[in-house]
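K.L.:
okay, here's the prediction I keep looking at, along with the sequence it came from:
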Amino acid sequence: MTDAPLLRVAGLTKRYGDQLALAEVGFGLGAGEVVGLIGPNGAGKTTVLECLAGLLPADAGTVRWAGKELPPHRRKAALFYLPDGIAPDAEQPVSAVLSFFGRSWRLPGAHLAEAAAALALDRVLTKPVGALSKGYRRRLLLALGLLAPQPLLAMDEPFDGLDLRQTREVMALLRQVAEDGRALLLSIHQLTDAERVCDRFVLLSAGQVRGEGTLPELRAAAGLPAGGLEEVFLALA
């Protein structure tokens, strides 16, 4: 983690009645970093992202941006959240969806073409969204996230629906986006994917942070100097 994180989350807590979904979750994220929210289904990853984006009210906690408190109504200017399992209008062709978002963000046509080519969407521009395979729907959503102008991109399960080759290609693209200075926060339940793409990790289990840091730092905390992310997670969680 950088000495002065771009984003700092502290004490994030969420309850559903008597159920504690998040218990004082905290972590930091710096510009140009890829940070993975890691944990099994039900660990609280999506709840963290929805609270962070301001879509779900938290019961407690603070979110700070460049050292200043960032209230929910201002967060859409700082981050773009790409949920899992959503899709644009099924009847619209891919080209129309890209054009709509391009106009909304006042992007030149060249940016749209570059994003489409980078994710191989140029092969399906005339197809309606509803006719796309799961992998191509995921690529379309990724394109919208990459086109968004916000400095932080938060994505829930960005590799879901992609095969091995597609996953590797998208990982390389996300790494390039980070190298260009954008911060990425990725919710990932497949630990092998996370280990390959992330700089640092926030380990979540039952709504609690069990560890935060680089893989070497987490190995040291777990006492597993040669352990992979899976072994480290199981030791700390």
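P.N.:
That came through fine. The structure displayed is predicted, hence computed values, not measured ones.

K.L.:
what is the neighbour count of residue 149?
P.N.:
By other CB atoms under 10 Å, 10 other residues sit near residue 149. Where C-beta positions appear, they are placed from N, C-alpha and C, glycine not excepted.

K.L.:
that one against residue 105, yeah?
P.N.:
Yes - under the contact definition of CB atoms under 8 Å, residue 149 touches residue 105, with a separation of 5.6 Å.

K.L.:
what are the ranges of the helices in this protein?
P.N.:
Assigned by DSSP state H, the chain shows helices spanning 45-53, 94-104, 109-118, 134-147, 164-179, 191-197, 215-222, 229-236.

K.L.:
what's the closest non-adjacent residue to residue 115?
P.N.:
Nearest residue to residue 115 in three dimensions, chain neighbours excluded: residue 143, at 4.5 Å (CB to CB, 6 or more residues apart in numbering).

K.L.:
roughly how far does the one you found sit from residue 168?
P.N.:
17 Å (CB to CB, to the nearest Å).

K.L.:
neighbour-wise, which of those two wins?
P.N.:
residue 143 (23 against 15).

K.L.:
pLDDT score assigned to that one?
P.N.:
With respect to pLDDT, residue 143 scores 94.

K.L.:
what about it, distance to residue 186?
P.N.:
For residue 143 relative to residue 186 (CB to CB), the value is 16 Å.

K.L.:
cool, and residue 44?
P.N.:
Applying CB to CB, the value for residue 44 to residue 186 is 15 Å.

K.L.:
what's the answer for residue 175, then?
P.N.:
Separation of residue 175 from residue 186 (CB to CB) stands at 11 Å.

K.L.:
what touches both of the two?
P.N.:
Both residue 175 and residue 186 are in contact with 34, 197, where contact means CB atoms under 8 Å, 6 or more residues apart in numbering.
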